[in-house]
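K.L.:
Have a look at this fold, sequence not included:
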């Protein structure tokens, strides 16, 4: 945790916050804070700054909070990912939040197993838990939005062309592709397929919606590796 | 598994291999092979090509093997990483093998907990298991070498300056650093610290050994994310 994230509910007055839960444990056991310790803090969807530990009782830490700095700039990106298997999901939520993605859309695709949509990791609460861990790692305060879209065709036919309009629109896929373009700060839509890749029909549909097919060289990366690699290639981090 | 890796022991004659173990299960359950199916194969530290399934009995698959293509080019990199916590290790071994790293050196550092060196995941057998999974993912056959160096100072003073000689030598660290340089195919030594980072003394020593300090922007990445991001930034994959 490189940043302690606070919500409005944590404040007992405008400049004093009280934290308990896992944050208490983390501050005590990992940061080993004591009264007077300084901690980097941020308000969810707000500013960031520093806090001084004023009081520690058995289960709570009181902090005197001063925030005046903006969150780091977001990536100018809408990231569309075919729903990965549940054990990858947590890591992907954390990674995208850490790296500054603010719009994630999880879509269905032919090679996404139906059972993946049933995982308990897709409730709003569980998703936000992972996103917050990612923001704390990445020293960011702006919570990404995550949308779940269970039908591929209506999304790709009716919504994606509008999303892609006037932007750099890309789908990462190893076949019939051009090399990944260079880093820029251009508004981008990036689509990443499931393990095993999109099927030809899906690639055709994505191309029709305006997405150009790009590859990352001869090696096939797991989705959880492809995400950071593509973000690193496409943006000036 | 995008490539089935074979060893000399799998061959019953120069062009026929017999696989059992987890590879049998994977071919049957995931690839759903039957006699006549074609499978992409490679020989560990050798060529790659295709194989045709000739016979399946209850526990073994016989393959008729034809290999004539070289492994994809390796990254021109010696990667030095402060030993990560055990639960990250498996993923890091897999990721570096998938991405084409051929020389990994795991070193000690002030913020590496001593207990990490005791993990069962550091035996040669366990390391190779993970590297092979990474190669199968990345469609590569050349097994990376992994060295374990439990003393920081003698390595950085006596060996690292020689390793860095004539190469692009870098240490990734957020403070007093220049932005990560652009992708090239230059021979590179890249040093990555532990969670919490190197201490100032260690950065001084690494700088003295010839490593320039580079950063990845305002966000702090986990080691498992920093590795693919740095490789993507530094090399034309």
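P.N.:
Yep, that arrived. Everything numeric here is computed off the predicted structure, so don't read it as measured data.

K.L.:
what does the model give the closest residue to residue A:173 other than its chain neighbours for pLDDT?
P.N.:
Take residue A:173 and drop its neighbours on the chain: the residue closest to it by Cβ to Cβ, 6 or more residues apart in numbering or on different chains is residue A:213, 5.1 Å away. Quick note: C-beta positions are derived from backbone N, CA and C, even for glycine. Among the per-residue scores, residue A:213 holds a pLDDT of 98.

K.L.:
now swap in residue A:199 and tell me
P.N.:
On the pLDDT scale, residue A:199 is placed at 97.

K.L.:
Could you check how far it is from residue A:112?
P.N.:
From residue A:199 across to residue A:112, the span is 11 Å (Cβ to Cβ, to the nearest Å).

K.L.:
Give me the more crowded residue out of those two.
P.N.:
The residue with more neighbours, out of residue A:199 and residue A:112 and counting by other Cβ atoms under 10 Å in any protein chain shown, is residue A:112; that gives 21 against 14.

K.L.:
ok, that one touching residue A:82?
P.N.:
Yes. The pair residue A:112 and residue A:82 passes the contact test of Cβ atoms under 8 Å, sitting 5.4 Å apart.

K.L.:
which neighbours do those two share?
P.N.:
Contact with both residue A:112 and residue A:82 is made by residues residue A:194, according to Cβ atoms under 8 Å, 6 or more residues apart in numbering or on different chains.

K.L.:
All the strands of chain A, residue numbers only.
P.N.:
A:4-6, A:11-13, A:16-19, A:38-43, A:48-56, A:61-69, A:77-82, A:103-107, A:145-149, A:168-172, A:178-179, A:188-192, A:212-215 (DSSP state E).

K.L.:
now those as CSV including distance to residue A:158?
P.N.:
Conversion of these to CSV gives the following (distance: least, Cβ to Cβ, whole Å):
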stretch, distance to residue A:158
strand A:4-6, 36
strand A:11-13, 42
strand A:16-19, 44
strand A:38-43, 36
strand A:48-56, 38
strand A:61-69, 40
strand A:77-82, 14
strand A:103-107, 13
strand A:145-149, 11
strand A:168-172, 16
strand A:178-179, 27
strand A:188-192, 15
strand A:212-215, 20
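
K.L.:
Can you list the residue ranges for helices in chain A?
P.N.:
Along chain A, the stretches classed as helices by DSSP state H are A:21-29, A:86-99, A:124-138, A:152-154, A:160-164, A:200-208, A:223-234.

K.L.:
neighbouring contacts of the shortest one?
P.N.:
Contacts to helix A:152-154, defined as Cβ under 8 Å, 6+ apart, come from residues A:107-110, A:202, A:205.

K.L.:
Show the buried residues in these.
P.N.:
Buried members of those, counted by 16 or more other Cβ atoms under 10 Å in any protein chain shown: A:107-109, A:202, A:205.

K.L.:
surely residue A:135 meets residue A:98?
P.N.:
Yes. In terms of Cβ under 8 Å, residue A:135 counts as a neighbour of residue A:98; the distance is 7.3 Å.

K.L.:
ok, which residues in chain A are in contact with chain B?
P.N.:
Taking Cβ under 8 Å from any Cβ of the partner chain, the part of chain A that reaches chain B is made up of A:2, A:72, A:94-95, A:98-100, A:137-140, A:180, A:216-222, A:225, A:228-233, A:236-237.

K.L.:
which regions of chain A sit below the pLDDT cut-off?
P.N.:
When the per-residue scores of chain A are filtered using pLDDT under 70, no range remains.

K.L.:
what's the domain layout of it?
P.N.:
Recorded structural domains for chain A (assignment: automatic domain parsing) are A:4-69, A:77-234.

K.L.:
Including distance to residue B:8, could those domains go into a markdown table?
P.N.:
As requested, the domains of chain A are exported to a markdown table (distance: least, Cβ to Cβ, whole Å):
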| stretch | distance to residue B:8 |
| --- | --- |
| domain A:4-69 | 48 |
| domain A:77-234 | 24 |
